[in-house]
Every structure is written in structure tokens, then in C-alpha cells.
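**Student:** heads up, no residue letters with this:
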């Protein structure tokens, strides 16, 4: 029968590039590595590893097997983590990822609700690429993520994606900006302005801004980039440029800034929670329920309130 040790050996060979390297990584003797590989290849009646004087590499069949082996091993690691946590703390552990602005407003009530149900939460904060990587590697069981409307996040079918809210992108200007008195600002009026954007130019909000500006025949010029929205707003207030900031990231109104929607089709990012299907248990369901309720509260508050000055 196929054993987990056989899959561990295949993964180690792929990672280390040799049988000797796999032996060192797994703390096995090299003959043991050879034995498990021989049994694995006999099971499939196929050569999975090509050995040579400079090391070893997976064959096409080995490459086809590798992602399945990694998925099995990752799921086992996840099961061990959950069961050990339950045995040691008497509580199920849910490993959740979040990006900063969502973590500040969406997550706290959800975490509180989970704690009340006896669920321990391990929280990891990061930017979107790191969160997606954490989900794929199974280091995270759930994560708050965002995308442009209509975009597909690069996640496998093993993840459930639950939409939470539409976060509008608003124009932030210095208080003395020439467009500060307008209720809605035409994007073409900002053709000659400098912009403060995200640290990564591939950020969904920046890509959406570039798309919108392209409709008017220009590309926004970014003179400063930061993922800290407090820093972004500080530099806008200092006259460095203007910025497109998610409503969720604005915080309290500032006297030295003016916030307005752009004229035309609304620009926004879609915020969702991604949950790994093997952990779509009661605790994951409780997380989704609590996040959905908090997102509804925030959306209702936005609908009743006024835009900050």
C-alpha cells in the first residue's frame, strides 16, 4: 500500500535535487530513501525519479504526482495541528489571515464570537500575496482577501469564497485642492496630478485606478508608494499628491483632507473570506457568520452616514 513516508521521500527529492539531499532533510539513511522510492515506483509501475551523476529530478510522472503528495501531506499537517491544539488547550484552533484594514474593523467582533464558542484564534497579518500564499500552503485555514469586482482570486477549488462587502475607493485630496469643493470629482480633472499609491504596483486598487484613467487617455503618475494608509493620508495632506483610498481604510475624518467619490461608475474592491474546505467545520462556519454580520453593520453605517470632510 501507498504510505505517507513514500510521499515524504518524493517531496524531499523534488526539493533537495538528490537522494542524498533528501536523506539529510528527512534524517534517513540513503538506503532507506532508495527503498521507499523503489516501493513507490513499484506501486505505480513507473519511473518517478530520474537519477544521474549530478543528482535526481522528477520525471513527468513524478511531477504529476507531486502536487497530490503535497496536498495529502499538507492536510495531514493541518489535522495534526488541529487535534494537538484541541488536546493541549481544550479548544479548536483556527488559523486566520488578514490584511491590515480588514483586521481593524471586520475581524475583532468575529474573533470575540469565536472565543465565546471556545475556539482559539491564531491571527496572521500580511498583504494580499502573502495571504494567498499562506492559504495555498495550508498555513492558513481562512483569510480575509480582496479583489477587483469580477476578478478571480488564484485559489484552488478546495477553498470556499464568501463575499462580505463592497469597499468603495474614494479620492483623498489636500484641503486646498482645486477640486475640493466639488461633490463628485471627474477623473479627467486629475490628469496632471501626482498620485500616492500602494507599495506594489500590481495592487488591485492601483490596477483599477490605471484602468479608469486609461478610459480618459492618461496614466496616473505615482510619486510615492506605501501600504500604510496613515502614511498615504499624511503625505496627501502635505501636498505630495492625491490618492485613491478604500473607505474601510479612511479612519476618522481629518481637517486637512477632503474625501470625495469620483464621477462615473463607482470604483471599489470586493472583500471576501476564503475558507479551506477541509476545515469548513463549525468553527469556520461561525467565523463566516460573524464576519458577514459585521460586514452588514459596516455597510449600513456607510449608507446612513456622510462622507468625511
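**Tutor:** Now that the structure is in, tell me what you want to look at. Not measured: the values here are computed from a predicted model.

**Student:** worst-scoring helix or strand of the chain, pLDDT-wise?
**Tutor:** Ranked by mean pLDDT, DSSP states H and E, the helix or strand of the chain with the weakest confidence is helix 60-89, at a mean of 79.

**Student:** Distance check, residue 197 against residue 143.
**Tutor:** 23 Å (Cβ to Cβ, to the nearest Å). C-beta: built from backbone N, CA, C; applies to glycine.

**Student:** no no, residue 118
**Tutor:** Residue 118 is 22 Å from residue 143, by Cβ to Cβ.

**Student:** More neighbours: which of these two?
**Tutor:** Per other Cβ atoms under 10 Å, whichever of residue 118 and residue 143 has more neighbours is residue 143, with 27 against 12.

**Student:** Who is the more buried one paired with across the strands?
**Tutor:** In this entry, residue 143 is beta-bridged to residue 97, residue 274, by DSSP bridges.

**Student:** So for it, what's the pLDDT?
**Tutor:** Note on residue 143: pLDDT of 93.

**Student:** Which parts of the stretch 151-300 of the chain are strands?
**Tutor:** Here the stretch 151-300 of the chain has its strands, by DSSP state E, counting those that start in this stretch, at 159-174, 194-197, 221-225, 243-246, 257-260, 268-276.

**Student:** To residue 104, which of those strands lies closest?
**Tutor:** strand 243-246 (11.7 Å; Cβ to Cβ).

**Student:** Okay, now the sheet partners of the closest one, with direction.
**Tutor:** Checking strand 243-246 against DSSP bridges gives partners strand 159-174 (antiparallel).

**Student:** How far away from the center of its chain is the helix or strand residue 25 falls within?
**Tutor:** For residue 25, the host element (DSSP states H and E) is helix 19-26. In terms of Cα atoms, centre = their mean, to the nearest Å, the centre of helix 19-26 is found 33 Å from the chain centre.

**Student:** Okay, angle between the helix or strand following it and helix 60-89 too, please.
**Tutor:** Later in the chain than helix 19-26, the nearest helix or strand by DSSP H and E is helix 30-44. Interaxial angle, helix 30-44 versus helix 60-89 (axes from the mean of the first three to the mean of the last three Cα atoms, to 10 degrees): 110 degrees.
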